[in-house]
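K.L.:
Give the three-dimensional model of this entry:
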Amino acid sequence: MALSHTGFFLLRSPLYPVDYYRQILEKSLPDLQAAHPDFLYALHIASRELLKELERFTTTPHDFTEKKVAKLRKSLYKYWVRACTRSTPYGLFAGCITGNISAHTQWQLNSITAARQHIRLDMDYFTRICHYLQQQPAIAPQLRYYPNNSIYQSGNKYRYAEFSIVNNKRKYMLTAVPVTDYLKAALQAAANGATMQQVADSIMATDNAISNEEAMSFVTELISAQLLIAETEPKITDVDNLGSLIDRLSTIEDVETLRTHLLHIQQLLQQQNLEPARLVKIQEACSAAFPLDTPKDLLQVDLFKTGTCTIGEQLLTNLLEQVSELTALCHGYTKGGSSDLSAFAERFRERYDGAEVALCLVLDTEAGIGYGQASQQSVHAPFVEDIQTNGPQQPTTVSWSKYQQYTLEKYEQFLQTGAAVNITTDELKAFGDPNELQLASSSYLFGSLLAESAAHADSGEFSFVFQSAGGPSAANLIGRFCSGDPVLAEKMKAALAQEEASAPDAVFAEIVHFPEARAANVLIRPSLRQFEIPYIGVPGVPQAYQLPVDDLLVSVKGNEVILRSARLNKRVYPRLSSAHNYSYNSLPVYKFLCDLQHQSLVSNLAWDWGVLNARPQLPRVTYKNIIVSRACWNIQQKEKEPEELTIKNFMGRYQLPGRVVLTEADNELLLDLSALLAVEILADHLRKHGQARLREFLSDSGAGVLRDGAGNVYAHELLIPLSFTKAPLQQVFAQPVTKSRQEHASPIRAFAPGSEWMYLKIYCGYRVAEELLSGYFADQLPIWNDDQRFEQFFFLRYADPHPHIRLRFLNSRQPHLNDGLLHEIQEYLAPYIANGLVHKIQTDTYVRELERYAAQAMEASEALFWHDSYAVINIISMLDGVEGEEYRWKLALRGMHTMLDDFGLTLTQRKKLLGSLREGFLEEFGGAALLHKQLNDKYRKYQQEIASYMHPEQDDANDIAEAIACFTERSAHCRPVAAQIRETCGSTETYTRIVASHLHMFINRLFVGKQRKHELVLYHFLEKFYLSQLAMEAAAK
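P.N.:
Numbering: from 1, shown residues only. The predicted structure is shown next:
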């Protein structure tokens, strides 16, 4: 495996040197203001209100109370410290410089006066300017219009996406209009661009009875309905939208005044001085030109620094070798899951089999299968209705990956030593060969270089603070800066050309989509690829290189989703050269194209503590020269304790360093904890959020690679585009099969219909499923079992893609008996089908999850499934109404407790397992701090009831003795089977994973719906119960 550089990199750094941050602590605000006019300029762009407040304080300080001064100083602290320590470009607070790979590392920044500003109008405001111009009677008739590029035909209707403005944001909706001869003619006329009159002429040509006035009125309606789009719509892939608009207006008559206004604004934007007065002039010029509200965030600024910027070839080669070795960790990541793309592939195979279908029709929610998680039916689940989460339930499988086990071992190592933990080469080899990973052919490395000096770094005396490495393209994090740096853009194009050379018979196409207008500020980039897929976005390439969505066909081969251009007859690999969070509230076509770029690739390498992420202290993790993960501390605000005291106690207990960074998502703020102001900011954060996450701060003001002419050290971040070339795999020779291996041959994986396992799916609503399980099957299973019509049976509830129950019957000695069972079940369900309560009965191939349950323990797990299913069906037949739902969750806790006892886990092992599972669900549902509070409050509410229902001596009083008898019978069968599984597994990790899976399946069977939310609450409750039991045991000793 070979990771190689592409000859260049992007270096990002803040406005000021690191040690300047102390000036906000040491200088008065007027002195700070006088000493740094460039900071005032940056503040004018970022927060004019804060700048005005500072100016008011400087002018009339006596008008400010002590509280008001403290608030002002805290606000300024955040901006000032950002300008000294945070490298992420934001206005003038940080900038970037393009560097090259050379013989030696040399980093020296020129003065800020030598830097170049790339200033443009905010895209939301610029879009409103474009729409204003399109509505002008003198301009609209002279513009050319094109069909909305989301239009496709489905039956006798055209479907397309249009937007409306809701709360000043674009909100897209899918709309349908009838196909008519007039509309068809209009769209055909506009295919290559046409004026309103030209489109009207095509309409009149279809019907001589239509007047020009009527035709023009119809064209106006088409424009209003967004079926036709004006050529002046802003482009996502354009380096200069304003310049393009000015050029277009130069060809339109009677608009000289508007064009003059725009030219004046353009000239002001191009000036490079750092005077706030110029920014005021830009705002005044905009107000004078257009009758539009001028937003407070009028300008978008990128800062491009100058200086000497090279990385030594040998240093980079050494670093990339180590990163390549680290990618072995990716072998340990959990594979599979129910991602939107894999769920789409499964639904596609069910619906279309091996056919190739138009993409637009496939993603149509009415005519096709749609994309993204289908909305679930409403399920009455009173026990978890009061638990508020940040997002929808994610139907991923419960798992404990090899990587997660490794992080746990490293954490335990830290608890024993109290020191940073180191990844060893042998540990990486145990994960697997990096050469066997399917990495993206184009990717990036993101982090920062620590060394005494550039010379020390070149000699190998360096550390690299690793943030991430990923793809599927080197342009993901760099693309947005290419608009302001032509040199960077050309280098990026060359790097992407290398990527495209990896698949010469295919097409790599840029996804061009215009989402909410403000988001477009970070999406703007030049055309970096030859081909583009425009979808509600104006393309930046000629028509010959555009791949409209109605040209794209989709098919599924194996597990792979394949996209093809009908016109080019080539496979298409979509790419998005930006870091846009497309997962949130995106249209299905856009999300599908973006998801597809990650298919089959290991797209990201980053250290993640997973379920341990919220632990109070996490160590630094290193590998050779790489700091894989910085040390981290999580402070939880204690109830009825002042925030300052919580901080003081935490600092004393965990020996926090003097300087840390407060993190929120990808935002970081340096806190010098020796300063009262920084402690107050941390206390404010705790007061607001209830928790705070801190990381170690590693930028040293005394030593560093990046300096200015005066020798001052700067913080920085590196973005290094990479190219991946896969080395040929070594030939692996089969080992002779020994006797022991023959004895442990893998069990059968799949059982087709007609074999010993009958697999039946009954598609129906949640409540109908409950009725069938608790009624018909609860009655029939004992009869069929007594008559020996099956050997084993188990069931599961599913909601993907539609709600259904899955039933499996085993007849290993007489498989023909399954036919009689099937006929009897079908006969009973016939009335349900007739009245629509059951809408499909389907037999299928039963594919065992051999990896999940361990191949040699699979049959034992199936025996557990049988006894658990039988117990659950008997229990739910006892539940009824509101009272039944109360019993359901209490019996769930008791059933889980009994199952863990059957598996032989100690109290400590149970607590550890349940805590890990609970943490995984907290991460899944988001908002850990809020959820923790809700769960704790809920547990306190039911604590006494839980204790009562967990003690057998209270069973009669609680009226659950009959139900508990079902668990007792289950235990009698399951205890010896569980012992057999433990003996077969050998590995504690494998055994624990299997236990977790059986807990998951028990909850799936017992609850009607929203099982994952129930799991979150139940795991938390049972872990808290075990914690109290352990405490009582300790007290009794």
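
K.L.:
C-alpha only now, for contacts and for neighbours.
P.N.:
OK.

K.L.:
Contacts for the strand or helix carrying Q416 next, please.
P.N.:
According to DSSP states H and E, Q416 maps onto helix 402-417. Outside of helix 402-417, the residues within contact range by C-alpha atoms under 8 Å, 6 or more residues apart in numbering are 329-334, 420-421, 609-610, 612, 618-619, 989.

K.L.:
cool, stretch 312-328 as well?
P.N.:
Counting by C-alpha under 8 Å, 6+ apart, 1-4, 101-106, 425, 428-429, 431-434, 457-460, 464, 605, 623-626 sit against stretch 312-328.

K.L.:
now stretch 556-565
P.N.:
342, 345, 348-349, 353-356, 547, 551-555, 570-573, 596, 599-600.

K.L.:
quick one: which of these sit in strands?
P.N.:
Counting by DSSP state E, these place 552-555, 570-573 in strands.

K.L.:
right, and out of these, which lies closest to Y79?
P.N.:
Y573 (41.0 Å; C-alpha to C-alpha).

K.L.:
ok, W80 touching I24?
P.N.:
Yes - look at W80 against I24 with C-alpha atoms under 8 Å: they come within range, at 7.0 Å.

K.L.:
picking that back up, narrow the contacts of helix 402-417 to just the buried residues.
P.N.:
329-333, 420-421, 609, 612, 618-619 (16 or more other C-alpha atoms under 10 Å).

K.L.:
picking up where we left off before, what comes up buried for the helix holding Q416?
P.N.:
402-404, 406-408, 410-411, 413-414.

K.L.:
Tell me the gap between it and the middle of its chain.
P.N.:
25 Å (C-alpha atoms, centre = their mean, to the nearest Å).

K.L.:
Report the mean per-residue pLDDT for it.
P.N.:
Mean per-residue pLDDT for helix 402-417: 93.

K.L.:
do the same with stretch 456-470
P.N.:
Stretch 456-470 comes out at a mean pLDDT of 95.

K.L.:
Could you work out the end-to-end span of that stretch for me?
P.N.:
Stretch 456-470 has an end-to-end distance of 28 Å (C-alpha to C-alpha, to the nearest Å).

K.L.:
If we go by neighbour counts, what in that stretch is buried?
P.N.:
457-458, 462-470.

K.L.:
still on that earlier bit, out of W80 and I24, which sits in the busier spot?
P.N.:
Comparing W80 with I24 by neighbour count (other C-alpha atoms under 10 Å), the higher total belongs to W80, at 24 against 20.

K.L.:
Now do the strands in the stretch 301-450 of the chain.
P.N.:
With DSSP state E, counting those that start in this stretch as the criterion, the stretch 301-450 of the chain has strands at 307-312, 357-358, 421-422, 442-450.

K.L.:
mean pLDDT lowest for which of the ones you listed?
P.N.:
Across these, strand 357-358 gives the lowest mean pLDDT, at a mean of 90.

K.L.:
what sits up against it?
P.N.:
550-555.

K.L.:
which ones among the contacts of stretch 312-328 are found in helices?
P.N.:
Under the assignment DSSP state H, the contacts of stretch 312-328 contribute 425, 428-429, 431, 457-458 to helices.

K.L.:
Pipe those into CSV and attach distance to Q438 per row.
P.N.:
Below are the ones in helices among the contacts of stretch 312-328 laid out as CSV (distance: C-alpha to C-alpha, whole Å):
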residue, distance to Q438
T425, 21
L428, 17
K429, 17
F431, 15
A457, 31
D458, 31
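
K.L.:
Nearest to Q1029 among those?
P.N.:
F431 (37.5 Å).

K.L.:
count of neighbours near that closest one?
P.N.:
Using other C-alpha under 10 Å: F431 sits among 18 other residues.

K.L.:
show me what contacts it?
P.N.:
Applying C-alpha under 8 Å, 6+ apart, the residues near F431 are 328-329, 331-332.

K.L.:
one more time with 10 Å, if that's ok
P.N.:
Taking C-alpha atoms under 10 Å, 6 or more residues apart in numbering, we find F431 in contact with 327-333, 402-403, 406.

K.L.:
Which member of those residues is positioned nearest A503?
P.N.:
So of the contacts of F431, ranked by how close each gets to A503 (C-alpha to C-alpha), first place is T327, at 22.9 Å.

K.L.:
which of the residues in stretch 695-713 are buried?
P.N.:
For stretch 695-713, by 16+ other C-alpha under 10 Å, it's 695-697, 699, 703-708, 712-713.

K.L.:
Give me the subset of those lying in helices.
P.N.:
Among the buried residues of stretch 695-713, no member falls in helices (DSSP H).

K.L.:
what about dumping the CA coordinates of whichever strand or helix holds A509 to PDB?
P.N.:
For A509, the element it lies in under DSSP H and E is strand 507-512. Extracted C-alpha coordinates of strand 507-512, given in PDB (Å, rounded to 0.1, in the frame of the first residue of the first chain):
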ATOM      1  CA  VAL A 507     -16.500   9.500 -15.400                       C
ATOM      2  CA  PHE A 508     -15.900  11.500 -12.200                       C
ATOM      3  CA  ALA A 509     -18.600  14.200 -12.000                       C
ATOM      4  CA  GLU A 510     -18.900  17.100  -9.600                       C
ATOM      5  CA  ILE A 511     -22.300  17.400  -7.800                       C
ATOM      6  CA  VAL A 512     -23.600  20.900  -8.300                       C
END
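
K.L.:
In PDB, list the C-alpha atoms belonging to the helix holding Q416.
P.N.:
Output of helix 402-417 as PDB, limited to C-alpha atoms (Å, rounded to 0.1, in the frame of the first residue of the first chain):
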ATOM      1  CA  LYS A 402     -12.500  -5.200  17.400                       C
ATOM      2  CA  TYR A 403     -11.600  -1.500  17.300                       C
ATOM      3  CA  GLN A 404     -13.900  -0.700  20.200                       C
ATOM      4  CA  GLN A 405     -12.400  -3.500  22.200                       C
ATOM      5  CA  TYR A 406      -9.000  -2.100  21.500                       C
ATOM      6  CA  THR A 407      -9.900   1.400  22.700                       C
ATOM      7  CA  LEU A 408     -11.200  -0.200  25.900                       C
ATOM      8  CA  GLU A 409      -8.000  -2.000  26.400                       C
ATOM      9  CA  LYS A 410      -6.000   1.200  25.900                       C
ATOM     10  CA  TYR A 411      -8.300   3.000  28.300                       C
ATOM     11  CA  GLU A 412      -7.800   0.300  30.900                       C
ATOM     12  CA  GLN A 413      -4.000   0.600  30.300                       C
ATOM     13  CA  PHE A 414      -4.300   4.300  31.000                       C
ATOM     14  CA  LEU A 415      -6.200   3.700  34.300                       C
ATOM     15  CA  GLN A 416      -3.400   1.500  35.500                       C
ATOM     16  CA  THR A 417      -0.500   3.800  34.500                       C
END
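
K.L.:
Quick test: name the residue nearest the centre of the protein.
P.N.:
Nearest to the geometric centre of the chain sits S583, at 6.4 Å (C-alpha atoms, centre = their mean).

K.L.:
List phi and psi for that one.
P.N.:
Per-residue torsions, S583: phi -70, psi -20 (degrees, to the nearest 10).

K.L.:
dump the residue contacts of it.
P.N.:
So S583 contacts 372, 590-592, 594-595 (C-alpha under 10 Å, 6+ apart).

K.L.:
Farthest-apart pair in those, please.
P.N.:
G372 and C594 (12.2 Å).

K.L.:
now the helices: where do they sit in the stretch 901-1037 of the chain?
P.N.:
907-925, 928-949, 961-985, 988-1006, 1011-1036 (DSSP state H, counting those that start in this stretch).

K.L.:
From A778, how far off is F790?
P.N.:
Taken as C-alpha to C-alpha, the span from F790 to A778 is 15 Å.

K.L.:
do T407 as well
P.N.:
From T407 over to A778 the distance is 44 Å, taken as C-alpha to C-alpha.

K.L.:
One more: H685?
P.N.:
54 Å.

K.L.:
Tell me which of those two has more neighbours.
P.N.:
When H685 and A778 are compared on other C-alpha under 10 Å, the one with more neighbours turns out to be A778, at 20 against 17.

K.L.:
Buried ones in whatever helix or strand the more buried one lives in, by neighbour count?
P.N.:
Using DSSP H and E, A778 sits in helix 778-786. Buried residues in helix 778-786, defined by neighbour count with 16+ other C-alpha under 10 Å: 778, 781.
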